[in-house]
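> This is the structure alone, sequence omitted:
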């Protein structure tokens, strides 16, 4: 009986959008809102609203983005966004449950450990330099906020607010650049990535997050 060649096996990949813009926009809201409080643009008595924004806006978006990142095997994006979700969950809950304008030394210790942890995805994101820069800036912001929580220094409060504004702007740029790339299948804004399936046009290959 002649050998019969088996039917070829085809694997169909469902296109998956990058979760980074969603996570970055959550970061924009949380970081920008906290910066407004820290720089005195809004009354400190209303800081609880900043905590609610972090808890119910930034955290869900970043958790969802992290879950998609793990599902698509992008450990750098998933780890970085997951750490940020935890960061804003703890910070937001502490803000909501504490009297306005007070500091928390235990939160300061937590922020130090988060800043150190964020170096892992930041230093591992070789092909995603803009995302790495966001994670590094988030680590710097977390460290500055930690110093403020540990020292209650108004100078460090202002410094944290300034870094928060820079972080929000950087995250907004990253989200816009990646969203435009996904919408038009070409790079509209520079993000420093060395290679992408968008450029190569390879069928069935998901582009880098």
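Here it is on my side, so go on. As the structure is a computational prediction, the values presented were derived from the model and not from experiment. Numbers count the residues shown, from 1 in each chain.

> going forward, measure contacts and count neighbours with C-alpha atoms only.
Noted.

> was I right about residue 65 contacting residue 19?
Yes. Assessed by Cα atoms under 8 Å, residue 65 is found in contact with residue 19 at 4.7 Å.

> Below-threshold pLDDT in the chain: ranges please.
Along the chain, segments meeting pLDDT under 70 span 1-16, 185-209.

> Buried ones in the longest helix seen in it, by neighbour count?
In the chain, with assignment by DSSP state H, the single longest helix is helix 154-184. By 16 or more other Cα atoms under 10 Å, the buried positions in helix 154-184 come out as 156-179, 181-182.

> so who does the nearest residue to residue 75 once chain neighbours are set aside touch?
Nearest non-adjacent residue to residue 75, counting by Cα to Cα, 6 or more residues apart in numbering: residue 69, 6.6 Å away. Applying Cα atoms under 8 Å, 6 or more residues apart in numbering to residue 69 gives the contacts 18, 19, 75, 77, 78.

> Give me the distance from the longest helix of the chain to the chain's centre.
10 Å (Cα atoms, centre = their mean, to the nearest Å).

> Quick one: list the elements packing against that helix.
Here helix 154-184 touches helix 20-38, helix 129-151, going by 3 or more Cα pairs under 8 Å, 6 or more residues apart in numbering; DSSP states H and E.

> Run the angle between it and helix 20-38 for me.
When axes from the mean of the first three to the mean of the last three Cα atoms, to 10 degrees is applied, the directions of helix 154-184 and helix 20-38 differ by 160 degrees.

> shift numbering so it begins at 13
Sounds good: first residue 13 from here, last item helix 166-196.

> Now do helix 166-196 against helix 141-163: the angle between them, please.
Using the same axes, to 10 degrees: helix 166-196 against helix 141-163 is 160 degrees.

> List the buried residues in the strand or helix carrying residue 103.
Here residue 103, judged by DSSP states H and E, is contained in helix 87-109. Buried positions in helix 87-109, judged by neighbour count with 16+ other Cα under 10 Å: 87-104, 106-108.

> List the contacts of the residue lying closest to residue 121 once chain neighbours are set aside.
Leaving aside its chain neighbours, residue 121 sits nearest to residue 158 (6.7 Å; criterion: Cα to Cα, 6+ apart). Taking Cα under 8 Å, 6+ apart, we find residue 158 in contact with 119, 120, 121, 122, 123, 124.
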